[in-house]
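Participant: sequence and computational prediction follow.
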Amino acid sequence: MPESLKDHVGNGPRSYSLRWRLLWTILGTSTLLWLASLSIMVFIAWNETNDVFDDALKESSYLILAATTDFNERGLLNAAGVGTGEPRKVDMQYQIVMNGRVIQRTSKAPSTPFVPEFEKRKGFKNIEIDNKRWRIFVVRSKDTRFEVQVGQKFKKRLDILEELAGSLTPPVLLLLALLAVLSWYCVSRVIKPINNTAYALTQKSRDDLTPVLLDSQPSELKPIVNALNGVLLRLDSALQAERRFTADAAHELRTPLAALRMHVQLLQRQHSGLSLPFQKLRDDIDRSTTLVENLLVLARLDPLNPGSLQHQTVDIERFLRELIRTHTTTAEQRGIRLQLDSDIDQMNLNPEMMHIALRNLLDNALRYSPAGSIVQIEANQTLGLLRIAIRDDGPGVDGAHRIRLSERFFRVLGSEESGNGLGLSIVRRIAELHGAKLSFGSGLHGRGLGVFLDFPHQEQL
């Protein structure tokens, strides 16, 4: 394990295996429910068996009674006649057969032998009478003078089976439902560490590349978490190197650009005939300087986290009026009128960062609005949020380009104004550090562009 990852393995609870925990959980619940189902089935089977044997005892008494009763004129004996009219589960019929002739039988037995010729002395045989299947047992006396044939319809056996199945179905379905619920609950508890790890990863912001803690992680997850932590560390190192390079390069470029501008300004004074080309060169140097400064700002903002900014209570109307005052000269030169509409007294924010963000927004509005336009700065409450907006009635930006305005180095083609495409990226980053949301919409009177910074209510900051 890399040294950088060992720091994230504490002395917390020991690791465990999800595989074994899940296996023992399923085995435990299944065994418990199996014992419960076995108990229920034994109880139901015991009751059903008792009913069948009780009915067999009754049926035996009926048969004995029938066998010891005198013949009537037809030689028929009705064993059911002595019953109570209750359904008989066993319901056996018998015949006494002598020389191939039935000499005595119960009322529901046929007048001819069940089995006319039976080769064995005793045994079972399946027959069909009137499209109904019977199970017959035949036993012959030792002197072979007569034989007893006892029969029972298969339907009686099926009735017992159906009754048993009907008694078992509700508890079995209930136990299956209980098994499903217990399995779902137990599996959810077992795999909860996976969900917790996934949730911890989803909570990470794009700037949070700290490794995931390995304490209490299942052994199956540790290789994945270790690999992910390795990726996060390499990515963090790459980003830090990139930020350092950007900051160092931008810092080193500021001095030569400032010196170059001074030399061009000096040459412009010395060669007044070349004033226009030198002025274009100075404009290019100014754009490069602005780009370097914006890169320095981004390099400063990127490593910050939302909780790292120092906030303070700011008189927002006074803050915005000061911002307007610093841009009044530029607005007058371009023939643009600045307005302020504020109904918020105070806001909790970082004044330095917010000044950079609003200055960028106001510079953009003044740069891209034609003469005679109005640029309005607003600060009000809407839908429980605190909103600062800068809106104009200039040419605006179509919807397809609005969604890309805050991308780095993105500029809308066709504009004659200079820029480097980093201003709105800086605004978006400052908004994120304040927990605010940057969005774009329509400007004044349904024209132009509106840029909105929506802050959570002051108690939530």
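Facilitator: That came through fine.
Participant: now do the strands in this structure.
Facilitator: Counting by DSSP state E, residue ranges of the strands within the chain are 76-77, 93-98, 101-106, 122-129, 132-140, 147-153, 312-315, 337-342, 346-349, 374-382, 385-392, 437-442, 449-455.
Participant: closest one to residue 253 among those?
Facilitator: Closest of those to residue 253 is strand 437-442, at 27.9 Å (criterion: CB to CB). (Glycine included, C-beta is placed from N, CA and C.)
Participant: which parts of the stretch 1-150 of the chain are helices?
Facilitator: 3-6, 18-67 (DSSP state H, counting those that start in this stretch).
Participant: mean pLDDT lowest where, among these?
Facilitator: Among those, helix 3-6 carries the lowest mean pLDDT, at a mean of 47.
Participant: can you pull the pLDDT of residue 421?
Facilitator: Residue 421 is given a pLDDT of 69.
Participant: can I assume residue 281 is in contact with residue 265?
Facilitator: No: taking CB atoms under 8 Å as the definition, residue 281 is not a contact partner of residue 265, at 9.8 Å.
Participant: compare the two (neighbour count), which wins?
Facilitator: residue 281 (18 against 15; other CB atoms under 10 Å).
Participant: mind listing what that one touches?
Facilitator: Taking CB atoms under 8 Å, 6 or more residues apart in numbering as the contact definition, residue 281 lies against residue 264.
Participant: so where's the stretch 201-350 of the chain uncertain?
Facilitator: 205-207, 214, 216, 243, 246-247, 249-251, 254, 294, 302-304, 306-307 (pLDDT under 70).
Participant: recalculate using a threshold of 50.
Facilitator: Nowhere does the stretch 201-350 of the chain drop to pLDDT under 50.
Participant: how close does residue 359 sit to residue 319?
Facilitator: 12 Å (CB to CB, to the nearest Å).
Participant: neighbour count winner among those two?
Facilitator: residue 319 (19 against 16).
Participant: correct me if wrong: the more buried one contacts residue 351.
Facilitator: Yes: using CB under 8 Å, residue 319 makes contact with residue 351 at a distance of 6.7 Å.
Participant: domains of the protein?
Facilitator: 222-301, 308-460 (automatic domain parsing).
Participant: how distant is the first one from the center of its chain?
Facilitator: If I follow you right, that is domain 222-301. Domain 222-301 sits 43 Å away from the centroid of its parent chain (CA atoms, centre = their mean, to the nearest Å).
Participant: can you tell me the centre-most residue of this structure?
Facilitator: residue 195 (9.1 Å; CA atoms, centre = their mean).
Participant: residue contacts, that one?
Facilitator: Taking CB under 8 Å, 6+ apart as the definition, residue 195 has no contacts.
Participant: what sits against residue 357?
Facilitator: 426, 427, 430, 431, 453.
Participant: let's see 6 Å
Facilitator: Counting by CB atoms under 6 Å, 6 or more residues apart in numbering, residue 357 makes contact with 427, 430.
Participant: also residue 379?
Facilitator: Residue 379 neighbours (CB under 6 Å, 6+ apart): 316, 342, 344, 388.
Participant: burial check on the residue lying closest to it once chain neighbours are set aside, number of neighbours?
Facilitator: For residue 379, ignoring the flanking residues on the chain, the nearest one in space by CB to CB, 6 or more residues apart in numbering is residue 342 at 4.0 Å. Neighbours of residue 342 under the rule other CB under 10 Å: 16.
Participant: quick check: residue 342 touching residue 317?
Facilitator: Yes: under the criterion of CB atoms under 6 Å, residue 342 makes contact with residue 317 at 4.6 Å.
Participant: tell me the spacing between residue 346 and residue 314.
Facilitator: Distance from residue 346 to residue 314, by CB to CB: 7 Å.
Participant: quick one on the thing from earlier: any chance of the strands of the chain in JSON lines, plus distance to residue 289?
Facilitator: Converted to JSON lines, those look like this (distance: least, CB to CB, whole Å):
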{"stretch": "strand 76-77", "distance to residue 289": "124"}
{"stretch": "strand 93-98", "distance to residue 289": "115"}
{"stretch": "strand 101-106", "distance to residue 289": "119"}
{"stretch": "strand 122-129", "distance to residue 289": "107"}
{"stretch": "strand 132-140", "distance to residue 289": "105"}
{"stretch": "strand 147-153", "distance to residue 289": "107"}
{"stretch": "strand 312-315", "distance to residue 289": "29"}
{"stretch": "strand 337-342", "distance to residue 289": "26"}
{"stretch": "strand 346-349", "distance to residue 289": "28"}
{"stretch": "strand 374-382", "distance to residue 289": "25"}
{"stretch": "strand 385-392", "distance to residue 289": "24"}
{"stretch": "strand 437-442", "distance to residue 289": "25"}
{"stretch": "strand 449-455", "distance to residue 289": "24"}
